[in-house]
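structure for this input, please:
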Amino acid sequence: MLIKLFKESAMVPHLTTSLTGPLLDLEKKILDSMPSIERWFRGQWQENTLPFYTSVDLRNSGFKLAPVDTNLFPGGFNNLNPDFLPLCVHAAMSAVQKICPDKQRFLLIPENHTRNLFYLTNVAAIQRILIRAGLDVRIGSLLPDITAPTPLELPNGSTLVLEPIQRVGNRLMLDGFDPCAILLNNDLSAGVPEILKRLEQPVVPPLYAGWTTRRKTLHFHAYDRVAEDFAKIIGIDPWFINPVFSQCGRVNFGANEGEECLAANVEAVLIETQAKYNEYGIKEKPFVIVKADAGTYGMGILTARSPDDVRGLNRKERNKMAVVKEGLEVSEVIVQEGVHTFESVNGAVAEPVVYMIDQFVVGGFYRVNTDRGVDENLNSRGMSFVPLAFETDCHTPDCSGMPDAPPNRFYAYGVVARLAMLAAAKELAQLAETVDVEAIPAPTTAPALIRPPVAQAAE
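Numbers count the residues shown, from 1 in each chain. I've put the predicted structure just below:
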C-alpha cells in the first residue's frame with residue numbers, strides 16, 4: 001500500500017536550500033506546469049527502461065538551471081541526510097520488483113577502493129537501503145587479494161564485509177549465496193572483467209553503461225532531444241536547461257596533439273553561448289569546461305575562457321588531462337558550456353547533486369568547495385558535502401503559497417535531474433543496440449588496491 005501511495009503521489013522530496021529570494025522565472029514556469037510535467041514523465045517512464053540508480057550534478061546560474069554530469073554508478077549515498085532513508089527504501093522496492101520480482105538476493109560489487117573508507121561507507125549505505133527493502137545483500141569484491149570474508153571498519157563505527165566472488169557456470173556466487181541479480185557500484189573504467197561477461201543473472205547497470213564504452217557526448221545528445229521535448233511543454237527556450245557542447249575526438253595530451261581541434265571547439269561553444277547571452281541580456285562572461293569524454297572523480301577537467309587557454313598547455317596541465325581514473329588515457333573530450341553557480345553554503349560556492357533510484361528522486365546534497373569560484377569545477381580537491389534536509393511540513397510544491405519557498409526550488413531541481421535520468425535511459429537503449437559486450441576489453445592488469453583522493457568519495 002505504501003508503494004502504491006508513493007507512486008500515485010509522484011512524490012519528490014523537498015529540501016531546504018541555500019537560495020532565498022523571489023523564485024526565478026524558469027522555476028516559476030516549471031511550477032506552473034507541474035500537472036503537465038508529471039503526466040509527461042509518467043508516459044516516459046512507461047516507454048523507457050530507467051537506470052537502477054542515478055545521480056546528477058546541477059548548476060544554477062539564476063538565468064539557467066542545467067545538468068552538467070550524469071552518473072550511473074553513484075558513489076555518495078553516504079552523503080544523503082538519514083531522513084531520506086524511507087524514501088530510498090520505497091524507491092528501491094520499485095526498482096527491485098522490475099529485476100527480481102520473486103527472489104530476495106542481490107550481490108553488490110563495488111569499486112576496488114578498499115582503502116577509501118568514505119567510498120565504502122557509501123557501499124554500506126546502499127546495502128542498508130536494499131536490506132530495508134527486504135533483500136538479502138552481500139558484497140562481492142573483484143580484488144584477487146580478497147580470498148576470504150574480509151571485515152572493514154568504517155568511520156561511522158559500522159563494519160562492511162567483502163567476500164571473494166566465485167563463478168559457477170554462468171552464475172556469480174559467494175560461499176553459500178546464489179543471488180538473483182548483480183548490482184554494480186563499479187563504473188568499469190578499466191574495462192569489463194571476464195568474470196562479469198555471459199552471466200545468466202541480470203547485471204545492473206548493464207556492462208555497456210561503464211566508462212569503457214559510455215561517452216558523455218552520447219548522453220548529452222540524448223539530453224538534447226529530451227530537453228527540446230520538455231521545453232515545448234512549459235514554453236521555454238531549451239537552452240535554459242541545456243548546456244551547449246561539442247566534442248573533440250582527436251587529442252593526445254601526452255604527445256601534445258590535437259591542440260587546434262580543441263581550440264576550435266572551445267571557440268565554437270563560446271561563440272554560441274555568447275550569442276545566447278546577448279539574446280537574453282546576460283552580462284556574465286561565458287566560459288567552457290573541457291572534460292574527458294569518459295571518466296569520473298572530477299579528473300581530466302580544465303576551464304577555458306578563450307581558445308588561447310587551451311593552446312600551449314604546460315606539462316603539468318597536459319599530464320592532468322592525459323589520464324583519468326584507472327589509468328584510462330584521454331583521446332576524446334567534451335567541450336561543454338560552463339554554467340555559473342550562484343549558490344553558496346556558509347559563504348562557499350556550492351552546487352546541488354540530486355540522487356534517484358528508479359524513477360524517483362530520493363535526496364541530494366550540496367557539493368561545496370571553498371577553493372573554487374562560481375565559474376569553476378567544484379568536483380576537485382577542497383570539496384566537501386552538505387546533506388540537504390527534508391522540509392517536513394509539506395509534500396507538494398508551492399505548499400506555503402510563497403513563491404520563494406525552498407520546496408519549490410528543489411522541485412525544479414528534481415525535474416531537471418529527472419530529465420537527465422530520462423536521457424540516460426535513452427542513451428543506454430542506444431548503447432544496447434550498438435555495443436558488443438563480448439568485445440569490451442577486459443582490464444589489462446589485475447585490479448590493485450587503489451585509492452583515489454579522499455575528497456573524491458562521492459560523484
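
in the helix ranked longest in the chain, which residues are buried?
When the chain is parsed with DSSP state H, its longest helix is helix 406-434. Buried residues in helix 406-434, counting neighbours by 16 or more other CB atoms under 10 Å, are found at 406-428, 431. C-beta: built from backbone N, CA, C; applies to glycine.

helices and strands around that helix, which ones?
Using 3 or more CB pairs under 8 Å, 6 or more residues apart in numbering; DSSP states H and E, the elements in contact with helix 406-434 are helix 25-32, helix 34-47, strand 53-60, strand 65-71, helix 216-234, strand 348-357, strand 360-369.

tell me the angle of that helix relative to strand 65-71?
Computed with axes from the mean of the first three to the mean of the last three CA atoms, to 10 degrees, the direction of helix 406-434 lies at 50 degrees from that of strand 65-71.

quick one, helices of the stretch 201-350 of the chain?
Ranges of helices in the stretch 201-350 of the chain, per DSSP state H, counting those that start in this stretch, are 216-234, 259-279, 315-322.

most neighbours per residue, which of those helices?
helix 216-234 (a mean of 19; mean count of other CB atoms under 10 Å).

quick one: that helix to chain centroid distance?
16 Å (CA atoms, centre = their mean, to the nearest Å).

pLDDT averaged over it, what's the number?
In this model, helix 216-234 carries a mean pLDDT of 97.

can you name every helix or strand that it contacts?
Applying 3+ CB pairs under 8 Å, 6+ apart, one finds that helix 216-234 contacts helix 25-32, helix 34-47, strand 65-71, strand 245-248, strand 333-337, helix 406-434.

the last one vs strand 348-357, what angle?
This points to helix 406-434. Going by the same axes, to 10 degrees, helix 406-434 makes 60 degrees with strand 348-357.

and helix 406-434, how far out from the chain middle?
Per CA atoms, centre = their mean, the centroid offset for helix 406-434 relative to its chain is 10 Å.

tell me the angle of that helix relative to helix 25-32?
Angle of helix 406-434 versus helix 25-32, following the same axes, to 10 degrees, is 90 degrees.

angle of helix 406-434 against helix 216-234?
Using the same axes, to 10 degrees, helix 406-434 lies at 130 degrees relative to helix 216-234.

how close does residue 56 get to residue 317?
Going from residue 56 to residue 317 by CB to CB, to the nearest Å gives 28 Å.

now swap in residue 439 and tell me
On the measure of CB to CB, residue 439 and residue 317 end up 34 Å apart.

ditto for residue 372
Relative to residue 317, and taking CB to CB, residue 372 is found at 17 Å.

can you give me the strands in the stretch 101-250 of the chain?
Assigned strands in the stretch 101-250 of the chain, in chain order: 105-110, 136-141, 150-153, 159-164, 166-168, 171-173, 181-185, 203-204, 245-248 (criterion: DSSP state E, counting those that start in this stretch).

for the third one, buried residues please.
This points to strand 150-153. 150, 152.

now find how far off-centre it is within its chain.
Here the centre of strand 150-153 is set off from its chain's centre by 27 Å, with CA atoms, centre = their mean.

each with direction, which strands does that strand pair with?
Taking DSSP bridges as the criterion, strand 150-153 pairs within the sheet with strand 159-164 (antiparallel).

buried residues in the partner strand?
Neighbour-count burial for strand 159-164 [16+ other CB under 10 Å]: 160, 162-164.

between the helices and strands packed on helix 216-234, which one is closest to residue 196.
The closest of the helices and strands packed on helix 216-234 to residue 196 is helix 406-434. By CB to CB, the value is 16.1 Å.

returning to that earlier point: let's have the helices and strands packed on helix 406-434 in TSV, adding distance to residue 86.
Listed next are the helices and strands packed on helix 406-434 as TSV, based on distance: least, CB to CB, whole Å:
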stretch	distance to residue 86
helix 25-32	25
helix 34-47	21
strand 53-60	16
strand 65-71	23
helix 216-234	29
strand 348-357	12
strand 360-369	10
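
mind listing the residues bridging to the spatially closest residue to residue 261 that is not a sequence neighbour?
With CB to CB, 6 or more residues apart in numbering as the criterion, residue 261 has its nearest non-adjacent residue at 4.5 Å, and that residue is residue 248. When bridges are called by DSSP bridges, residue 248 pairs up with residue 333.

residues in contact with the closest residue to residue 346 other than its chain neighbours?
Nearest non-adjacent residue to residue 346, counting by CB to CB, 6+ apart: residue 368, 7.8 Å away. Contacts for residue 368 (CB atoms under 8 Å, 6 or more residues apart in numbering) come out as 345-346, 348-350, 378, 383-386.

among those, which ones are buried?
Buried among the contacts of residue 368 by 16+ other CB under 10 Å: 345, 348-350, 378, 383-386.

tell me the one among the residues you listed nearest to residue 101.
Residue 101 lies nearest to residue 385 out of these, by CB to CB, at 34.5 Å.

doesn't residue 365 make contact with that closest one?
Yes - between residue 385 and residue 365 there is a contact under CB atoms under 8 Å: 4.9 Å.

can you add distance to residue 207 and give the contacts of residue 368 back as CSV?
CSV is the format used below for the contacts of residue 368 (distance: CB to CB, whole Å):
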residue, distance to residue 207
345, 37
346, 41
348, 38
349, 36
350, 34
378, 30
383, 30
384, 33
385, 29
386, 34
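
as JSON lines, those residues with distance to residue 119 and pLDDT would be great.
JSON lines is the format used below for these (distance: CB to CB, whole Å; pLDDT from 0 to 100):
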{"residue": "345", "distance to residue 119": "22", "pLDDT": "78"}
{"residue": "346", "distance to residue 119": "25", "pLDDT": "78"}
{"residue": "348", "distance to residue 119": "23", "pLDDT": "80"}
{"residue": "349", "distance to residue 119": "24", "pLDDT": "81"}
{"residue": "350", "distance to residue 119": "21", "pLDDT": "82"}
{"residue": "378", "distance to residue 119": "18", "pLDDT": "73"}
{"residue": "383", "distance to residue 119": "14", "pLDDT": "77"}
{"residue": "384", "distance to residue 119": "15", "pLDDT": "81"}
{"residue": "385", "distance to residue 119": "13", "pLDDT": "80"}
{"residue": "386", "distance to residue 119": "18", "pLDDT": "79"}
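
nearest residue to residue 231 other than its sequence neighbours?
Sequence neighbours aside, residue 238 is the residue nearest to residue 231 in space, at 3.9 Å (criterion: CB to CB, 6+ apart).
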